[in-house]
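Student: generate coordinates for the sequence data below:
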Amino acid sequence: MFREMLQDLVEKTDGGVAGLLMASDGIAIDQYTKVDSPFDIESVGMEYTVVLKGLQRAAEMLDTGTTNEVSLKTERLTTVVRLLSDEYFVALTLEPGGNVGKARYLLRVAAPKLIDNL
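Tutor: This next block holds a predicted model:
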């Protein structure tokens, strides 16, 4: 079920490459990657888990509130991460020039359904 939801997110986003539902301990719950993607989305997610934990700690220390969303833009990828809870997050990876606004919107809309099914 999660794979279909992730595929829907990737396919509906211009420039979408991969989607990932992951636990905060770095274990992938499910993933979807387009066939021609040169990236291992699970490895990307595991590495970004460390970054997310650091950002969450920084937000707590600065008393800025709960972290809800993070975008990471590199030369070859843009990844939008939506935190679903303390234990889970969903990520959508796009190629350069992909529609980040639509990715953010679709992740926000999909979040309640993902949470209900976890």
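Student: name the next helix or strand downstream of the lowest-mean-pLDDT helix or strand in the chain, please.
Tutor: Taking all helices and strands of the chain together, the one with the lowest average confidence (mean pLDDT, DSSP states H and E) is helix 41-61, at a mean of 80. Under the assignment DSSP states H and E, the closest C-terminal helix or strand after helix 41-61 is strand 69-73.
Student: now for that next one, which elements pack on it?
Tutor: In terms of contact count using 3 or more Cβ pairs under 8 Å, 6 or more residues apart in numbering; DSSP states H and E, strand 69-73 is assigned the packing partners helix 41-61, strand 78-83, helix 100-117. From N, CA and C alone the C-beta is placed, and that goes for glycine too.
Student: any idea which of those is most buried?
Tutor: Highest mean neighbour count among the helices and strands packed on strand 69-73 (mean count of other Cβ atoms under 10 Å): strand 78-83, with a mean of 22.
Student: quick one: strands adjacent to that one?
Tutor: The strands beside strand 78-83 in its sheet (DSSP bridges) come out as strand 69-73 (antiparallel), strand 88-94 (antiparallel).
Student: tell me which residue is most central in the chain.
Tutor: Of all residues in the chain, the one closest to the mean position by Cα atoms, centre = their mean is A91, 0.9 Å from it.
Student: now it, which residues is it bridged with?
Tutor: When bridges are called by DSSP bridges, A91 pairs up with L20, V81.
Student: which residues of the protein score low on pLDDT?
Tutor: Counting by pLDDT under 70, the chain contains low-confidence residues at 37.
Student: run the last query once more with 90
Tutor: Under the criterion pLDDT under 90, the flagged ranges of the chain are 1, 24-28, 34-70, 72, 74, 85-87, 118.
Student: surely the residue nearest to the centre of the chain and G16 touch.
Tutor: No. Using Cβ atoms under 8 Å as the test, A91 is too far from G16 to be in contact (11.3 Å).
Student: out of the strands paired with strand 78-83, flag the one nearest K102.
Tutor: Closest to K102 of the strands paired with strand 78-83, according to Cβ to Cβ: strand 88-94, at 9.3 Å.
Student: off-centre distance for that closest one?
Tutor: The offset between the C-alpha centroid of strand 88-94 and the centroid of the whole chain comes to 1 Å, using Cα atoms, centre = their mean, to the nearest Å.
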